[in-house]
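Undergrad: Fold the following.
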Amino acid sequence: MSTPAKVLSLCEVPTQPDLRTALRADSLVEITGAWHLAVCDLKNSTEACRKGLYREVNAVAVAFITALKNLIDKDECAFLFGGDGALVLVPSEFKQAAEQTIAEVAHMAKASFYLDLRVGLVSLEALQKQGVSLLLGRYRSSAVLRPFVFGGGAAGLAERMLKQGELPLPNQSSAGRQVSAKFDGLECRWERIPSGKAETVSWIFKSFAPTKLEEFEDFARVVDLVGEVYGDRQEYHPLAEQNLNLTQNGKLLNPEFRIRSFHLPSIFRSAYFWFLRLQCFLGNLLMRNRIKAGGVDWGNYKSDLLANSDMCKVDDALCMVVAGSAAQREDLLNRLSGAFAKDQVLWGTCVSDAAFVTCLINSYERKHIHFVDGANGGYAEAAADLKQKLRELGLK
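TA: Residues are numbered from 1 along each chain as shown. Okay, here's the model as predicted:
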């Protein structure tokens, strides 16, 4: 098995034509040099989701990505959305500003939603000293979306250190006194999106292969099995264009409103809320009538949204949101049991009838990314299901 080449820049990570190819050992590179991993995780996220705070949980995780991406301000930015958490690869020259930014995101989450967001920043060098590496792959999901896949153990170790309180907490003494986190581009405006099929399933797969490269081989096999059962990405896409509608419901708009207006004076916060509702009304009108306005072909926006949907991630686990039937889900479970040795690959699931989308907009004309999670808890519930299986087996 080949050893991944070492690179210093994200521009050196080769883009593969699809996820399956990106998971091959010869498609991966090891990132080295002056980098930090910024990570966040919502405490008691499963409980929050069970209280109905799905959109708030997802929106806070995307706010973390948005704030750091706006800080770094580069086209090349490696990040992952995990439903109730996220990670971003930060160049070390932004370390001090990133610490202030993530402290501000945590402050916003607590002040706006009473959610306890754990945040941390750790150098890649410190992680490497503990025997892990950061492997990166990349694939072309659409003309705009080229997600990174993370492996090598660094992301998982950073997340564990965060949860165990082993990462130094960013200084939050000045959080709320000065504006550091910029949430421009974050949107959370879509209605709950009913599945185009019988069900929408959030999956998390965990491999216990002997090496990190062999974990990728296991994930590639899982992707093959998903394709055999559900078909291609278009066939199991959890979103259906005909089910996409911008909301006028103030409660559903509340996550975006509270995040985007967090730094505004109170007099402008109210104005932003009504401006947001007006944008949703006009957006539905423009898309329904396929109008071109403001340099945007709104008739193509929903199809672009489907193409730019982030519905799969790899960060020492493989996570996917897919739509299909109960029979297909059972078929996949049977194939998984037959494809791997006992306890070689374990999984958690959350079955629902809909999905949620939180968006990161660089430009309405094609340059937008849409983070997908299943309803009824999605990734958070799937993680809880997987953790229960690990506890039963005495594994961590």
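Undergrad: Now for the closest residue to Asp297 other than its chain neighbours, how many residues are close by?
TA: Nearest non-adjacent residue to Asp297, counting by CB to CB, 6 or more residues apart in numbering: Glu365, 7.2 Å away. Using the backbone N, CA and C atoms, a C-beta is placed for each residue, glycine as well. If you count neighbours by other CB atoms under 10 Å, Glu365 ends up with 15.
Undergrad: ok, now Phe94?
TA: 18.
Undergrad: and what of Thr32?
TA: Thr32, neighbours per other CB under 10 Å, totals 14.
Undergrad: Next: Glu214.
TA: 15.
Undergrad: Could you check how far it is from Arg221?
TA: 11 Å (CB to CB, to the nearest Å).
Undergrad: for the chain, what's the longest helix?
TA: Among the segments of the chain that qualify as a helix by DSSP state H, the longest is helix 266-288.
Undergrad: now the strands for the stretch 201-350 of the chain?
TA: Per DSSP state E, counting those that start in this stretch, the stretch 201-350 of the chain carries strands over the ranges 292-293, 296-297, 309-310, 312-314, 318-324, 345-352.
Undergrad: Check those strands for me and report the most buried one.
TA: Neighbour counts (mean count of other CB atoms under 10 Å) averaged over each of the strands of the stretch 201-350 of the chain peak at strand 318-324, with a mean of 25.
Undergrad: tell me what that one is packed against?
TA: strand 199-207, helix 212-230, helix 233-236, strand 312-314, strand 368-374, helix 378-393 (3 or more CB pairs under 8 Å, 6 or more residues apart in numbering; DSSP states H and E).
Undergrad: for the record, mean pLDDT for it?
TA: Averaging pLDDT along strand 318-324 gives 96.
Undergrad: do stretch 160-175 as well
TA: So the average pLDDT for stretch 160-175 ends up being 76.
Undergrad: Begin at 393, not 1, for the rest of this chat.
TA: In the new count, where the first residue is 393, that last one comes out as stretch 552-567.
Undergrad: Nearest the middle, which residue of this structure would you pick?
TA: Phe473 (1.5 Å; CA atoms, centre = their mean).
Undergrad: I'd like the distance between it and Leu785.
TA: Following CB to CB, the distance that separates Phe473 from Leu785 is 28 Å.
Undergrad: thinking again about what came up before, need the helices and strands packed on strand 710-716 in TSV with distance to Phe456 and mean pLDDT, can you?
TA: Shown next, in TSV, are these (distance: least, CB to CB, whole Å; pLDDT from 0 to 100):
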stretch	distance to Phe456	mean pLDDT
strand 591-599	19	96
helix 604-622	24	94
helix 625-628	26	94
strand 704-706	15	93
strand 760-766	11	95
helix 770-785	15	91
